[in-house]
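**Q** can you look at this prediction? I've put the sequence above it.
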Amino acid sequence: MCSTWPWFMTGGVSARLLCAITGKAWNWRRGSRPPRYPLKPFAAGWPFWTGNDPMPYLTHFNLGEHPFSLTPDTALYFPGAAHREVYESVFYAIRRGEGIVKVSGEVGTGKTLLCRMLLDALGNRAAVAYLNNPRGDADWVVRAICREFGINVQHSDDLYDSLNRFLIEKHAVGVDNVVLVDEAQALGEVGLESIRLLSNLETEKRKLLQIVLFGQPELDRLLERHNLRQVAQRISFSFGTKPLSEAEAAAYIRYRAKMASRNPEAAMEIFSAPAIRHIVRAGQCNPRLMNILGDKSLLAAYAEGAVQVERRHARAAVQEARQLSLRRRGRFFPLPWWLRPASGLVSGAVLTVCAGALMAALYVAISRDRFYDISPWIMQNASLLSNAISR
């Protein structure tokens, strides 16, 4: 790749970007493949890294900030219909005082961003305790909540009693008490049981503590266990975050690029329509995956000196991201969309060939007066196999 650069910065889009910034030629002597598209590092009028500009990547596309950062940024929140519905429902459940609320969803579908938005929206309306990456320890859970509420845990003999008195004082002046737990699946059985005990803090008419659990599908499977049935029964509302629709996913990419522009009202279209379609399909409408691909696509276009991200840049980004474990069940980046039907056709063809070979062997056996007495059973199972293949 680029000479004099360390090995961890010499792959795919990263190498092309480094070559473009530094002006160094591609090192052919190391046996590396040539770039998939020509590099034009110092084309006329193209801003490059002079040392005075700390972020030439943003300057090149007239961006004020990174549009596809993996850090949840409420300023770049895209109001998708399903996501907005979950947000409003959770906010309503909190204001109603319904005890425990659960929000679960796959990795990258916006749970942490939703949690941050609730944190900002509640503001001074409520006393809020935010637990990020909790531990499966009952004592740690109670201490963390007390610390978030500003309760002195060093001089308290009974943490539950101290917390209860604090909640009653806040309730008396009309202030709600809310606990937001992100990555709640990390609580485990012990941590969830402590959450159940905390939900018992209540007055005659209302819960003193509103608890919202944000977690991955592992949280749902954890709550299905028999010994956690009491916790599951305390959950008043359960919501789920899902990937965007294809139309929303395309609008999501355009929206993030526009809002990150230095002049959103007159922002240019950074992504071409074919590039957006490729990112949406490869990312399977998952916001986090599309953020990864969108950022890598911008880097690829910047390395080439292009003013707009084209489909070839999106393809280069997907190619580099294939090594990331982006799908559940240990699967890597999915097959291209145009290859997915082919895998089903191949499987069907293999089953058909195997079934045909089996029927041919049985027919030969029957024609030689062997196993003639079980021919009705053979015909019946052949019919069942044919129906299964047709389905």
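**A** On my side now, so go ahead. What you see is a predicted model; the values in this text were computed from it and never measured.

**Q** just the helices in the stretch 1-150 of the chain please.
**A** 12-22, 56-60, 81-96, 111-122, 138-148 (DSSP state H, counting those that start in this stretch).

**Q** residues of the longest one that come out buried?
**A** Right, the one you point to is helix 81-96. Ala82, His83, Val86, Tyr87, Val90, Phe91, Ala93, Ile94 (16 or more other C-beta atoms under 10 Å). Bear in mind the C-beta positions are built from the backbone N, C-alpha and C, glycine included.

**Q** next: the second one.
**A** For helix 56-60, the neighbour count (16+ other C-beta under 10 Å) marks Pro56, Tyr57, Leu58, His60 as buried.

**Q** quick one: His278 and Glu310 touch, right?
**A** No. With contacts counted by C-beta atoms under 8 Å, His278 stays clear of Glu310, the gap being 9.6 Å.

**Q** between those two, which is the more surrounded one?
**A** His278 (25 against 18; other C-beta atoms under 10 Å).

**Q** contacts only, for that one.
**A** Contact analysis of His278 by C-beta atoms under 8 Å, 6 or more residues apart in numbering lists Arg311, Ala314, Arg315, Val318.

**Q** got the contact list for the second one?
**A** Contacts for Ala314 (C-beta under 8 Å, 6+ apart) come out as Pro274, Ala275, Ile276, His278, Ile279, Ala282, Leu293, Ser297, Ala300.

**Q** domain boundaries for this structure, per the record?
**A** 7-72+246-334, 81-241, 342-390 (automatic domain parsing).

**Q** now the nearest residue to Glu202 once chain neighbours are set aside: how far from Asp139?
**A** Leaving aside its sequence neighbours, Glu202 sits nearest to Leu208 (C-beta to C-beta, 6 or more residues apart in numbering; 5.5 Å). Distance of Leu208 to Asp139, computed by C-beta to C-beta, to the nearest Å: 20 Å.

**Q** higher neighbour count, these two?
**A** When neighbours are counted by other C-beta under 10 Å, Leu208 and Asp139 differ, and Leu208 comes out ahead with 21 against 11.

**Q** next, name the residue at the spatial heart of this protein.
**A** Gly108 (0.9 Å; C-alpha atoms, centre = their mean).

**Q** give the burial count for the nearest residue to it once chain neighbours are set aside, as a bare number.
**A** Nearest residue to Gly108, sequence neighbours excluded (C-beta to C-beta, 6+ apart): Arg288, at 2.8 Å. Applying other C-beta under 10 Å, we find 20 residues neighbouring Arg288.

**Q** and Arg288, helix, strand or coil?
**A** helix (DSSP: H, G, I helix; E, B strand; the rest coil).

**Q** residues contacting it?
**A** Taking C-beta under 8 Å, 6+ apart as the test, what Arg288 contacts is Leu70, Val107, Gly108, Thr109.

**Q** ok, and what's touching stretch 97-106?
**A** For stretch 97-106, using C-beta under 8 Å, 6+ apart, the contacting residues are 86, 90, 93-94, 111, 114, 176, 184, 195, 199, 206-207, 210-217, 219-220, 223, 231, 234-243, 286, 328.

**Q** drop anything exposed from the residues you listed.
**A** 86, 90, 93-94, 111, 114, 176, 184, 195, 199, 207, 210-216, 219-220, 223, 231, 234-237, 239, 241, 243, 286.

**Q** so which of those are in strands?
**A** Among those, the residues falling in strands (DSSP state E) are Asp176, Gln210, Ile211, Val212, Leu213, Phe214, Gly215, Ile235, Ser236, Phe237, Phe239, Thr241.

**Q** isn't the fourth one up against Leu180?
**A** Yes. Under the contact definition of C-beta under 8 Å, Val212 touches Leu180, with a separation of 5.2 Å.

**Q** what touches both of the two?
**A** Counting by C-beta under 8 Å, 6+ apart, the residues touching both Val212 and Leu180 are Cys115, Leu118.

**Q** so which of the contacts of His278 is the most crowded?
**A** Ala314 (28 neighbours).

**Q** quick one: mean pLDDT for the helix or strand that contains that residue?
**A** When secondary structure is defined by DSSP states H and E, Ala314 falls within helix 311-321. Taken as a whole, helix 311-321 carries a mean pLDDT of 88.

**Q** this completes my enquiry, with thanks.
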